[in-house]
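# could you look at this predicted model? Sequence included:
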Amino acid sequence: MYVAVKGGERAIESAHRMLAEERRGDVAVPELSLAQIEQQLGLAVDRVMTEGSLHDRDLAALAIKQSRGDLIEAIFLLRAYRTTLPRLGVSRPLDTGRMVVSRRISATFKDLPGGQILGPTFDYTHRLLDFDLAEPERAAPAPRPVTPPPPDQPLPRVVELLDREGLIEAESPGDDRGPVGDLTREPLTFPAARDVRLQNLARGDEGFLLAMGYATQRGYGRNHPFAGEIRMGEVAVELVPEELGFPVEVATITVTECQMVNQFRGSAAAPPQFTRGYGLTFGAAERKAMAMALVDRALRGRELGEAPCAPTQDEEFVLSHSDNVEASGFVQHLKLPHYVDFQAELVLVRDLRAGHRAGPPR
Amino acid sequence: MRPAPDRPLLSVRGLGKRYGAQTGCLDVGFDLWPGEVIGVVGESGSGKTTVLNCLSGRVAADAGRVEYAARDGRVVDVLREDESARRRLLRSDWGIVHQNPRDGLRMGVSAGANVGEPLMALGARHYGGIRGQALDWLAQVEIGLDRIDDLPETFSGGMLQRLQIARNLVTRPRLVLMDEPTGGLDVSVQARLLDLLRGLVAELDLSAVIVTHDLAVARLLAHRLIVMRGGEAVESGLTDQVLDDPQHPYTQLLVSSVLHP
Amino acid sequence: MSHYNFAYLDEHTKRMIRRAILKAVAVPGYQVPFGSREMPLSYGWGTGGVQVTASVIGPDDVLKVIDQGADDTTNAVSIRKFFERTAAVRTTTRTDEATLIQTRHRIPETPLRAGQILVLQVPIPEPLRWLEPREAETRTMHALEEYGVMYVRLYEDITRHGKVAQTYEYPVLVNGRYLMRPSPIPKFDNPKLDGNPALLLFGAGREKRIYAVPPHTRVRSLDFDDHPFEVEHWERPCALCGARGVFLDEIIVDDKGGRLFVCSDTDFCARRQAAGQASGDRP
């Protein structure tokens, strides 16, 4: 005799216990420490902070440990945690012009004031698996050479050099006094203003933006990008407390900024100028910053009078699907029971099939 | 015979549109009376399509005034009305026949649904009744009734255009804007379509603004013509007068360039 | 959970959501955008419903959570535990005892009363979404009451199948004005929306919309005059409690294709069975 299945609660508890065991793995293997993750998987930490919209290296490391290395799961953890945090204030805009750079390159000029500073990058490595890394370190590693920060900091921006000649469009600051939109507080509406668009892209999935940016390079909405400047380094985060009335530095963080120089345009009224795309991430997430700048420029097509002809130029398409926490949730929700809806469909299909056997509907 | 109206159905003054430094159209004006068909003729780039797009709201005019006499007697300032009012007007009183019928149809639903949709948008709720009217209109535009459930993807160019016309006329609009209604069709198909349009316009007492580069179309359908060049109207008047006795040098050039079979 | 606020959300967020709910109640069926927050549950798993519940729940509420009509499905269990931990409210499986019911994909068979709140979880709030993917355009269509395209869809179904092929999430017109998607409840449950004495709240977390059907509001499922809306019927009664006129789940009981039909609403079925045993009736 059929008895209704019970025990959903027990099943969930069981699943959670199994998950905890899997997460720990073989107990003979030493447990990961947050410090190890934060130090030696730094780029994973950078990504989780950027897309989690929360700058805290230790929390990001914890999220990565808890999620067993699934970075989208870690991003979700950080976002959910962020929901609970009170907002104490809004910082002044980061002045990346005053960044203490560790890395700064430009593809548009061979050399420039301050020079091309490579910094720590994978770019010129040969992608050969280094089997030395598979062994524990033989001796204490040589002390890291103390590299003084490059001279003549802060370094001038490449785009400023173009700007002096009037060759590149103004940054269009818009209304500086107006409040900045915030997608963590208000829903996205279309058409989206640039502040909200950039926030959406900064929080957006790196893979998705990479593909969308890549598509523009391959002709789906090409806008002739050049890497005007990529800089990575430390910037100060400043707050102006109401009681004090002057800015106070509350932290320094590492960010990566990418300014793309794109297709010039002009009209009868205005002479040709280069256009811009912008990308910014926490830490050293350079590939994401570049992809973001490509997509930003593509989405500016509407304001620049470009007829949209490719998905990357479709604002609703890009901005509605960039959030991997939303995407992951909805895709995976298909695992939830849908048997009632399915039952309704079964009834209909059987009905229609019966009707089909009986003869045409009309 | 309706009583002589005291004002035109559509009154256009000083209509203008610029595209950057380019003139789309400049200072275009005319009156359209009920039951009247105006042809706007010219070569490509003359601005005739811009005029139509300004009237339909597809592009925003930069200058001018367009007044429409609504069924309830109200005069609607078309260019200044808010979008909701304008869209309502388009649904209930006006029709737009696009040059490419795919722009004016839903290619993914059946012919019957295409013709029925305007009725459903206005509140029709009887499936049989909607289908019946769709059948009537398919007959009127000479599309086989057995095609009512077919997708427009399976229709020829001429059939698509006739389907678009049926979809527009099913709500009995008072004014229809047509953009090159016979463009891209074979000559014999064009002839049949023109015959159909002429018959429908007369039978339904429609007013229409027809944009065309084809003077033969203009002669057949329009009571009056406006000749456009470089965005401006260079000549206007009764169709026969303009075509048989053109005054402006450009009109003379146009008329003389037409190949005579 | 001492360092979390009552029902997890901070008071500022709850206030924001309540304002959205008030607006939704004032304009029945209209989708109110709101600043949906990331919750500890995935988007797509009920975050909209959870945020609505978290914003209206109080310490004296009695909460019931169901999914597919059952209290014991995994997602219902998970959400109920969430509120047990963060709000420490009394929970129940009995529809008649609950003051607040959060549900996914079903409306309880037991009729609701005035004073109860039903919170429905919504994946895709926009009824026109499959006909028009753009949000900017669908908002305009709602503002201008341009719903003709939805009737086109029904027309096509009747043309192709002889009847409307929408069996769940069946579109409705609320208070004679707004077209609404009632969440993926089977169309069988649509009549329960009409004139219900309870307050019906709909939450879509990922899509960031809240809408509502206030008590005693007219809700009509779309149809044609000559093809009126109709609900599903089952030939057999529930195999466990004998009920007719309720939504039945199909259970496959052996590998020869044997099947049983039982009430989807587990509370309703369990109480009927108990009453049947008490009075000595056989189903």
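Structure received. Bear in mind the structure is a predicted one, so any value in this text is a computation, not a measurement.
# show me where chain A has its strands.
Remark: strands assigned in chain A by DSSP state E are A:100-105, A:226-239, A:248-265, A:273-282.
# now swap in the stretch 1-150 of chain B and tell me
For the stretch 1-150 of chain B, the strands defined by DSSP state E, counting those that start in this stretch cover B:10-19, B:22-32, B:37-41, B:63-69, B:75-77, B:94-97.
# need the winner for burial among those.
When you average the neighbours per residue for each of the strands of the stretch 1-150 of chain B (mean count of other CB atoms under 10 Å in any protein chain shown), strand B:37-41 leads with a mean of 26. Placement of C-beta: from N, CA and C, glycine included.
# CA atoms of that one as CSV?
Provided in CSV are the C-alpha atoms of strand B:37-41 (Å, rounded to 0.1, in the frame of the first residue of the first chain):
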residue,chain,number,x,y,z
VAL,B,37,-5.7,59.9,-51.2
ILE,B,38,-2.5,62.0,-51.3
GLY,B,39,0.5,60.6,-53.0
VAL,B,40,4.0,61.8,-51.9
VAL,B,41,6.3,61.1,-54.7
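# close to chain C, is stretch A:77-86?
Yes. Stretch A:77-86 lies within reach of chain C by CB under 8 Å from any CB of the partner chain, at A:79, A:80, A:82, A:83, A:84, A:86.
# related to what we said a few turns ago, can the strands of the stretch 1-150 of chain B go into TSV with extra columns for mean pLDDT?
Output for the strands of the stretch 1-150 of chain B, formatted as TSV (pLDDT from 0 to 100):
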stretch	mean pLDDT
strand B:10-19	93
strand B:22-32	92
strand B:37-41	95
strand B:63-69	94
strand B:75-77	90
strand B:94-97	94
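# tabulate those strands (a markdown table), appending distance to residue B:158.
As requested, the strands of the stretch 1-150 of chain B are exported to a markdown table (distance: least, CB to CB, whole Å):
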| stretch | distance to residue B:158 |
| --- | --- |
| strand B:10-19 | 29 |
| strand B:22-32 | 27 |
| strand B:37-41 | 21 |
| strand B:63-69 | 31 |
| strand B:75-77 | 34 |
| strand B:94-97 | 13 |
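# closest point of the stretch 151-283 of chain C to chain A, which residue?
In the stretch 151-283 of chain C, no residue comes nearer to chain A than residue C:162, which is 2.9 Å away by CB to the nearest CB.
# per-residue confidence for that residue?
If you check residue C:162, the pLDDT there is 90.
# could you give the number of residues near it?
16 (other CB atoms under 10 Å in any protein chain shown).
# residue A:358 now?
8.
# distance check, it against chain C.
From residue A:358 over to chain C the distance is 10 Å, taken as CB to the nearest CB, to the nearest Å.
# who's in contact with residue 81?
I'll assume chain A. Going by CB atoms under 8 Å, 6 or more residues apart in numbering or on different chains, residue A:81 touches A:54, A:59, A:63.
# sorry, should have said chain C
Counted by CB under 8 Å, 6+ apart, residue C:81 has contacts residue A:9.
# what strand or helix carries it?
Residue C:81 is part of helix C:74-87 when elements are defined by DSSP states H and E.
# in that helix, what's buried?
Neighbour counts over helix C:74-87 (16 or more other CB atoms under 10 Å in any protein chain shown) mark C:74, C:75, C:76, C:77, C:78, C:79, C:80, C:82, C:83, C:86, C:87 as buried.
# closest one of the residues you listed to chain B?
The closest of the buried residues of helix C:74-87, once distances to chain B are taken by CB to the nearest CB, is residue C:75, at 35.0 Å.
# doesn't residue C:46 make contact with that closest one?
Yes. Taking CB atoms under 8 Å as the definition, residue C:75 is a contact partner of residue C:46 at 6.6 Å.
# can you tell me the closest non-neighbouring residue to the closest residue to chain C within the stretch 101-250 of chain B?
Proximity of the stretch 101-250 of chain B to chain C (CB to the nearest CB) peaks at residue B:121, 2.8 Å away. Distances taken as CB to CB, 6 or more residues apart in numbering or on different chains put residue C:148 closest to residue B:121, at 2.8 Å, once the chain neighbours are dropped.
# mind checking how far the one you found is from residue C:142?
Residue C:148 sits 13 Å away from residue C:142, taking CB to CB, to the nearest Å as the criterion.
# quick one: low-confidence parts of the chain?
Let's take chain A. A:1-6, A:141-142, A:146-153, A:172-177, A:266-269, A:359-362 (pLDDT under 70).
# the chain in question should be chain C.
For chain C, the ranges with pLDDT under 70 are C:1-3, C:277-283.
# which residue is nearest the middle of it?
When CA atoms, centre = their mean is applied to chain C, the residue found nearest the centroid is residue C:120 (3.6 Å).
# for that residue, pull up the helix or strand it's in.
Since the elements are taken from DSSP H and E, residue C:120 ends up inside strand C:117-121.
# how about residue 63, what does it touch?
You didn't pick a chain, so chain A it is. Listed by CB under 8 Å, 6+ apart, the contact partners of residue A:63 are A:48, A:52, A:73, A:74, A:75, A:77, A:78, A:81.
# that answer is for a different chain, and I need it for chain C
Residue C:63 touches C:53, C:57, C:80, C:83, C:87, C:89-92, C:98-102, counting by CB under 8 Å, 6+ apart.
# same list, those, but only the ones touching chain B.
Of these, not one also sits near chain B (CB under 8 Å from any CB).
# what residue in chain B comes nearest to chain A?
Chain A sits closest to residue B:21 of chain B, with a gap of 3.6 Å, by CB to the nearest CB.
# would you check which pair of the contacts of residue A:63 lies furthest apart?
A:73 and A:81 (13.0 Å; CB to CB).
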